[in-house]
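Asker: sequence unknown, structure follows:
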Ligand SMILES: Nc1ncnc2c1ncn2[C@@H]1O[C@H](COP(=O)(O)OP(=O)(O)O)[C@@H](O)[C@H]1O
Ligand SMILES: [Mg+2]
């Protein structure tokens, strides 16, 4: 039996009265990409901080390949490469100096260190900017160095906390490709995001997290199946959503109705049958439907189905 | 090993900013020299002699010259010449009590002594003051000696004549000054060979005990050294505050480096800055300012190490307690001023009273100064720095303990 790369058991974390993580349990198998998907404030970073040994949990246990992060922190940490959500680099040092420093902190020396720095610079695509100070870099370039620093010691497990927040599409593409490459080379990746497309594209397994709880966990297809054969319909109206929501909820075949920014989102089992009913409800209260968008179920739909709220804030 | 690498990174960051060199090296050297000039006056031996003006209108007068030599030989008098055009000013000095008095010798004074109508010497002095009284006493003693010698000479020549020696009146007149000079000299010899009353001045210090060992830099070199070592807190505490702000400190904690090593790495960098700076200033003081640090190299080294440890753990404490860079800057500056001022870095604590010195010794600065000055001024041995070094190390331990306790809590909170 192989040990899980990461095993999280009944993990809890309270900040004073605030229960940020409420007893979550999940396992990341060696060699997979596992995503924690959830909106801001779901407790993803808190979970990651505990797994990386930065925060002590209120209760529960974390093991990296069987080594407890609480009882054998240094052995467990040696197998981890952590990419923090915020850029954690020395702005007044160059990209190369940063990588050299972090390499040393991970225990690399001499020729091996130099070779690895060159390798990482190539991986993150910054070989020609290596001598420039990090403070002169764009957000995307900083993010790439931020990731590179965590890879210096060829960790078996890489933990990335929202590595693509607030950057240009090009850097984002670069990073997503890096993650897939690293995984192909055998690294286990724990990835957190609030972008469902990223989770869908990258992950073997996804845990959907909300308000400190994992509300669902499985492969992408397993999660989609949770919402059954449901279809999502987005309706744009010429009036407030409140006028139609009650009426639409009462329509047979509708399982959930929510609204966001003047758009009403309805989950239905059969769009062909239900859609005309929705028009009728609108007509009854003299509201006009301006546009209709019918979508196959995705992770967004799943989140909506499970929590009654939209994933994005 | 990783501790060393971490410290080297800190040093690289501190020294990358070339302006740091101004603060770490140029400013302390400049201040040492500047304050040294201010302390020059303190180390000069104060002149307690009574100033007495000498206004002589009887140039080349034989007896006048004898009187002058008698007055100059008096160790308690500072006889200074008053030129003809300075008489008014000299009078003013008497009135202002700057000077004990002015002695006015009339023209032809010496010659008049040989005749029957001797001219009078005038002493311009205020008889109601101690200064005037002393001037009068000193003058009287010298004049008495002169007139006494003259009288002896007169009597001797008279006796010589009566014993039958054929002396013409003119020969007698010629002989008189010779004999008087002889007697005047004898008088002095009696004073220095026979019964002597020695007066010891209770406030007079022996030569070696000049303030600050006679070298103003014995105060300002270690003083500025202590001040600027603490000043170095600004850069060393800023590094850790920034490390927390850039979240690189949190990242360090995700590596397999033990928490203790991270604390020690940062402490080592602070220590290196503090120690390196002291080393530079000690060498500068020894080579260029004649401050004799190397009289007891081992003792000085011990004080330097203890002070560096104390200051570097204080830097750790500041950086842990400060929320941001401006707080750590402010704390470093306040500590620098308080420790320097109270600790005797700016002026010697001996001169500032018992209570002040006692309060000063609540700061590590005073103990560092004690350690250095026991060697460079008081000429004591290695044992004399043991207590100061122990106190500094005690401070270091307390600062380090609180600092490292809060260190971990801080990372998590951030
Ligand atoms: N150090 C902290 N002190 C107090 N509350 C915190 C702290 N860190 C996170 N929280 C709170 O815990 C909850 C989860 O935060 P976080 O784990 O950062 O969520 P996510 O990464 O999913 O956006 C939030 O409500 C956040 O405000
Ligand atoms: Mg987060």
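Answerer: In hand now; what should we look at? Keep in mind it's a predicted model, so treat the numbers as computed, not measured. Numbering: from 1, shown residues only, chains lettered A, B, ... in the order given. Ligands and ions are numbered 1, 2, ... in the order given.

Asker: can we go C-alpha only for contacts and neighbour counts from here?
Answerer: Will do.

Asker: so what's the backbone phi/psi at the residue lying closest to residue A:238 once chain neighbours are set aside?
Answerer: Leaving aside its chain neighbours, residue A:238 sits nearest to residue A:288 (5.6 Å; criterion: CA to CA, 6 or more residues apart in numbering or on different chains). Torsion angles at residue A:288 (phi, psi; degrees, to the nearest 10) stand at phi -100, psi 140.

Asker: correct me if wrong: residue A:288 contacts residue A:280.
Answerer: No: assessed by CA atoms under 8 Å, residue A:288 is found out of contact with residue A:280, at 10.2 Å.

Asker: show me what contacts the most centrally placed residue in chain A?
Answerer: The residue lying closest to the centre of chain A (CA atoms, centre = their mean) is residue A:193, at 2.0 Å. Residue A:193 makes contacts with A:35, A:36, A:37, A:38, A:161, A:162, A:163, A:199, as judged by CA atoms under 8 Å, 6 or more residues apart in numbering or on different chains.

Asker: so residue B:104 bridges to which residues?
Answerer: When assigned by DSSP bridges, residue B:104 has beta-bridge partners residue B:55, residue B:122.

Asker: what's the burial count for it?
Answerer: By other CA atoms under 10 Å in any protein chain shown, the residues close to residue B:104 number 19.

Asker: quick one: it and residue B:54, what's the gap?
Answerer: The gap separating residue B:104 from residue B:54 is 7 Å, by CA to CA, to the nearest Å.

Asker: pull out the buried residues from the helix or strand that contains residue B:39.
Answerer: Residue B:39 is located in helix B:27-43, with elements delineated by DSSP states H and E. For helix B:27-43, a neighbour-count test (16 or more other CA atoms under 10 Å in any protein chain shown) marks B:28, B:29, B:31, B:32, B:33, B:35, B:36, B:39 as buried.

Asker: in chain A, where is pLDDT below threshold?
Answerer: A:1, A:312-313 (pLDDT under 70).

Asker: so which residues of it form helices?
Answerer: For chain A, helices defined by DSSP state H occupy the ranges A:44-51, A:73-78, A:95-105, A:110-123, A:139-151, A:169-184, A:196-202, A:220-226, A:242-249, A:271-284, A:299-307.

Asker: nearest to residue B:118, out of these?
Answerer: helix A:95-105 (98.4 Å; CA to CA).

Asker: other SSEs contacting the closest one?
Answerer: When contacts are defined as 3 or more CA pairs under 8 Å, 6 or more residues apart in numbering or on different chains; DSSP states H and E, helix A:95-105 packs onto helix A:110-123, helix A:139-151, helix B:2-16.

Asker: please identify the most buried of these.
Answerer: The highest mean neighbour count among those, using mean count of other CA atoms under 10 Å in any protein chain shown, belongs to helix A:139-151: a mean of 24.

Asker: now do the buried residues in stretch A:270-282.
Answerer: Using 16+ other CA under 10 Å as the test for burial, stretch A:270-282 gives A:271, A:274, A:275, A:277, A:278, A:279, A:281, A:282.

Asker: my bad, stretch A:46-59
Answerer: Buried residues in stretch A:46-59, counted by 16+ other CA under 10 Å: A:46-58.

Asker: what's the answer for stretch B:307-323, then?
Answerer: The neighbour-count check on stretch B:307-323 (16+ other CA under 10 Å) flags B:307-322 as buried.

Asker: do the same with stretch A:64-80
Answerer: Residues of stretch A:64-80 classed as buried: A:64-65, A:67-70, A:73-80 (neighbour count, 16+ other CA under 10 Å).

Asker: from the buried residues of stretch A:46-59, which are also near ligand 1?
Answerer: Checking those against ligand 1 by CA under 6 Å from any ligand atom, the ones in range are residue A:46.

Asker: got the buried residues of stretch A:46-59 as CSV, with distance to residue A:20 columns?
Answerer: Supplementary listing: those in CSV, determined by distance: CA to CA, whole Å:
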residue, distance to residue A:20
A:46, 7
A:47, 9
A:48, 12
A:49, 12
A:50, 12
A:51, 14
A:52, 17
A:53, 17
A:54, 15
A:55, 12
A:56, 13
A:57, 11
A:58, 10
